[in-house]
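> Just the structure for this:
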Amino acid sequence: MLHVFLALCLSAAPFTLHFPPCRQVSHVVEKIQNLLEEMAIYYTRAYPHIRNACRRILIRCGLYRPQN
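Modelled structure (predicted):
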C-alpha cells in the first residue's frame, strides 16, 4: 500500500506543470465563459433539431417507441 501511495504522490508532481499559474487562471476562465455564452445562443436554436434527429434515429433502430 505504501508503494501505491508513493507512486501516486510522485506521479502527481509533473501534472502541476500542466496547470497555468494562478494569475492566468482568471483569464482562462473568462475565455471559457465567453465561449460558453456564444455556444448557448446556437445550442438553444439547434436543440430541438438535434432532439428530433436523435429520436428519428432511435425509432429507425427500434430502440424508441413514441407514445401516442
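
> Can you report phi and psi for Leu63?
Backbone geometry at Leu63, expressed as degrees, to the nearest 10, gives phi -100, psi 0.

> any idea of the pLDDT on it?
Predicted confidence (pLDDT) for Leu63: 86.

> and it, how many neighbours?
By the measure other C-beta atoms under 10 Å, the count of residues near Leu63 is 8. For the C-beta atoms, the positions are set from N, CA and C on the backbone; glycine is no exception.

> What distance do you get for it to Ile57?
Separation of Leu63 from Ile57 (C-beta to C-beta, to the nearest Å): 9 Å.

> before we move on, what about Val4?
Using C-beta to C-beta, Val4 is found at 44 Å from Ile57.

> Tell me which of these two has more neighbours.
Taking neighbours as other C-beta under 10 Å, Val4 and Ile57 compare with Ile57 leading, 11 against 8.

> helix/strand/coil for that one?
helix (DSSP: H, G, I helix; E, B strand; the rest coil).

> next one: Gln67
Classification of Gln67 using three-state DSSP returns coil.

> All further residue positions should be reported with the first residue as 8.
I'll keep to 8 as the first residue from here, and by that count the last item is Gln74.

> Read off the pLDDT value for it.
pLDDT, read off for Gln74, is 79.

> and it, how many neighbours does it have?
4.

> And Leu65, by the same measure?
Using other C-beta under 10 Å, Leu65 is surrounded by 13 other residues.

> pretty sure it is touching Pro73, no?
No. Using C-beta atoms under 8 Å, Leu65 is not in contact with Pro73; the gap is 9.7 Å.

> looking at the chain, which helix or strand is least sure?
helix 9-19 (a mean of 72; mean pLDDT, DSSP states H and E).
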